[in-house]
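Enquirer: sequence? don't have it. structure:
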């Protein structure tokens, strides 16, 4: 069992039609048929959406995505049409709402890895592969890979696990031509972002992208991009292979939930406990620090 600890009711806005409540985002359509994407302050871990929310999280994710979209625009277009609030929308949607063009979304999580961590580390320890890509012997937790690799996953509904798959499985799902384009795009965007982050003292260990297609088949970056929710960011000056790396993402929340302090048994059917104030505060601080280190702008 997993999902929402407390599922929120969608906000009703005149003229907008609610489409979906996701782990982090609420999706609507406007009278022109555009997608209205609202980033919430919700945070998820271990397939649960937790209580309470993390203050400012939706605004940080949206601001950081817009910053990255601008830097990546010469590589691939993105889905953002406007950052203006739709008429009648709540004031607290400001700074965390994007009006986007509707796309035919590709049903693949396009993951790029430049370092070994997470589920990739688990598979490597067992098979010396990640998503079917054979890697050298002797790698450890946090090792830099010889070159970035494309390690796709299926897209899961709320409460279900994303499942790592091979490139061949993606090709069987979406066709060989599109699979090749997705791999090329994923690695190109990751490499650009990795170099930008490195110049700012941050290691981009891995990240996931979502792509959609326009009616004429153009590949477009969608959803969020290169945020602490979709990426592993590590401080470069503290990187030490062979151990779990300090991070600027929600690993802090995962670590607390998995610790004796939470008192939670992941194997049970019970929902996770409420996050304590100090975990909420420190998680907010990590997200804000990631934004500030990457953009050079002060978060407020």
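Expert: Noted; the coordinates are in hand. All values derive from a computational prediction rather than experimental measurement. Residues are numbered from 1 along each chain as shown.
Enquirer: number of nearby residues for residue 60?
Expert: For residue 60, the neighbour count with other CB atoms under 10 Å is 25. For the C-beta atoms, the positions are set from N, CA and C on the backbone; glycine is no exception.
Enquirer: confidence score at it?
Expert: Predicted confidence (pLDDT) for residue 60: 96.
Enquirer: shaky segments in the stretch 1-150 of the chain?
Expert: Within the stretch 1-150 of the chain, the stretches with pLDDT under 70 are 1-2.
Enquirer: where exactly do the helices run in it?
Expert: With DSSP state H, counting those that start in this stretch as the criterion, the stretch 1-150 of the chain has helices at 57-72, 118-127.
Enquirer: so which of those gets nearest residue 217?
Expert: Proximity to residue 217 (CB to CB) singles out helix 57-72 among the helices of the stretch 1-150 of the chain, at 19.6 Å.
Enquirer: what residues does the closest one touch?
Expert: 24, 38-43, 78, 80, 83, 95-98, 189, 192-193, 196, 221, 224-229, 284, 287-288, 290-291, 294-295, 299 (CB atoms under 8 Å, 6 or more residues apart in numbering).
Enquirer: same question, stretch 37-45
Expert: Stretch 37-45 is contacted from outside by 8, 11, 23-28, 49-50, 53-59, 61-62, 93, 96-100, 223-224, 229, 250, 253-254, 257, 272, 283, using CB under 8 Å, 6+ apart.
Enquirer: which of the residues you listed are buried?
Expert: With burial judged by 16 or more other CB atoms under 10 Å, the buried subset of the contacts of stretch 37-45 is 23-28, 49-50, 53-54, 56-59, 61-62, 93, 96-100, 223-224, 229, 250, 253, 257, 272, 283.
Enquirer: which one of the helices of the stretch 1-150 of the chain lies closest to residue 277?
Expert: Ranking the helices of the stretch 1-150 of the chain by proximity to residue 277 (CB to CB) places helix 57-72 first, at 15.3 Å.
Enquirer: distance between that closest one and the chain's centre?
Expert: Distance, stretch centre to chain centre, for helix 57-72: 12 Å (CA atoms, centre = their mean, to the nearest Å).
Enquirer: how close does residue 9 sit to residue 21?
Expert: In this view, residue 9 and residue 21 are 9 Å apart by CB to CB, to the nearest Å.
Enquirer: and if you look at residue 56?
Expert: Taking CB to CB as the measure, residue 56 falls 20 Å from residue 21.
Enquirer: mean confidence for stretch 151-168?
Expert: Mean predicted lDDT for stretch 151-168 stands at 78.
Enquirer: if we can go back for a sec, just name the most buried of the helices of the stretch 1-150 of the chain.
Expert: Highest mean neighbour count among the helices of the stretch 1-150 of the chain (mean count of other CB atoms under 10 Å): helix 57-72, with a mean of 20.
Enquirer: picking up where we left off before, so which of the contacts of stretch 37-45 belong to strands?
Expert: 25-28, 49, 97-100 (DSSP state E).
Enquirer: now do the phi/psi pair for the closest residue to residue 154 other than its chain neighbours.
Expert: Using CB to CB, 6 or more residues apart in numbering and skipping the chain neighbours, the partner closest in space to residue 154 is residue 163 (4.7 Å). Backbone torsions for residue 163, taken as degrees, to the nearest 10, come to phi -120, psi 120.
Enquirer: neighbours of residue 163, just the number please.
Expert: Residues near residue 163, counting by other CB under 10 Å, number 13.
Enquirer: ok, the one 10 residues further on next?
Expert: When counting by other CB under 10 Å, one arrives at 15 neighbours for residue 173.
Enquirer: one step back: of the contacts of helix 57-72, keep whichever come out buried.
Expert: Buried among the contacts of helix 57-72 (16+ other CB under 10 Å): 24, 38-43, 78, 80, 96-98, 189, 192-193, 196, 221, 224-229, 284, 287-288, 290-291, 294, 299.
Enquirer: so who does the residue nearest to the spatial centre of the chain touch?
Expert: Nearest to the geometric centre of the chain sits residue 230, at 1.8 Å (CA atoms, centre = their mean). Counting by CB under 8 Å, 6+ apart, residue 230 touches 207-209, 224.
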